[in-house]
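Asker: Give me the fold of what follows.
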Amino acid sequence: MNYSIIIQIISCTILITLLVTATIIDIKKRIIPNGLVIIGFIVGGSFAFFDPKISIVSAVVAMASAGLLLWIISILSKGGLGMGDIKLFACVGLFLGIEKIFSAIMYAAILSGVVGILLLAVNFSNRKEAIPFAPFILFGVMITLGWCVV
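Answerer: Below is the predicted model:
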């Protein structure tokens, strides 16, 4: 088996495990723990050194780009996006690199928008009620990996 593929499988497994954990906590407690994000930054940064398909430069640029874009969205939406979500997506940038991070953001945004509209349509939610974003980050990343891996 190719060394590169083994690194990608391990990296994707850790990333998905991290995002599933964040999703469960976000749904239950409406928070993404800093400790979880710090682990993601350490592990994602480490894999950036070993994965031949994602350079360290690509990983760092993806981290900074995702963090900055979502921070700007949070400011424009007056806090509609929490700092935990921003930090989590920045962490994801280290794993995905610049070539995939914007696809993951786009899929997460589309999925959250569709679910938000459906919840409003069936009167399950009001416009002021916060919806956990970590599940959409998870599914956005899964869709991106499904279309882009190997």
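Asker: what's the single longest helix in the chain?
Answerer: For the chain, the helix reaching the highest residue count under DSSP state H is reported as helix 3-29.
Asker: Now that one: buried residues?
Answerer: Buried residues in helix 3-29, counted by 16 or more other CB atoms under 10 Å: 7-8, 11-12, 14-15, 18-19, 21-23, 25-26. C-betas here are computed from N, CA, C, even on glycine.
Asker: Now do the contacts for Val60.
Answerer: 48, 94 (CB atoms under 8 Å, 6 or more residues apart in numbering).
Asker: Is it correct that Ser11 is in contact with Asp51?
Answerer: Yes: counting by CB atoms under 8 Å, Asp51 is a contact partner of Ser11 at 6.2 Å.
Asker: outside of the helix or strand bottoming out on mean pLDDT in the chain, which residues touch it?
Answerer: Lowest on mean pLDDT, DSSP states H and E among the helices and strands of the chain sits helix 134-148, with a mean of 90. By CB under 8 Å, 6+ apart, the list of residues contacting helix 134-148 from outside reads 12, 15-16, 19-20, 22-23, 25-27, 32, 84-85, 88-89, 92, 96, 99-100, 103-109, 111-112, 115.
Asker: Please apply the same query to stretch 14-30.
Answerer: Here stretch 14-30 has contacts from 31-33, 36, 39-40, 43-44, 47, 84, 88, 91-92, 95-96, 130, 132-135, 137-138, 141-142, 145, using CB under 8 Å, 6+ apart.
Asker: for stretch 46-54, same thing?
Answerer: 4, 7-8, 10-11, 14, 55-56, 58-60, 94-97.
Asker: Now the least confident helix or strand of the chain: buried residues?
Answerer: Across helix 134-148, burial judged by 16+ other CB under 10 Å covers 134-145.
Asker: Next, the angle from the helix or strand just after the longest helix of the chain to helix 3-29.
Answerer: In the C-terminal direction, the helix or strand that comes right after helix 3-29 (DSSP states H and E) is helix 34-50. Helix 34-50 runs at 170 degrees relative to helix 3-29, counting by axes from the mean of the first three to the mean of the last three CA atoms, to 10 degrees.
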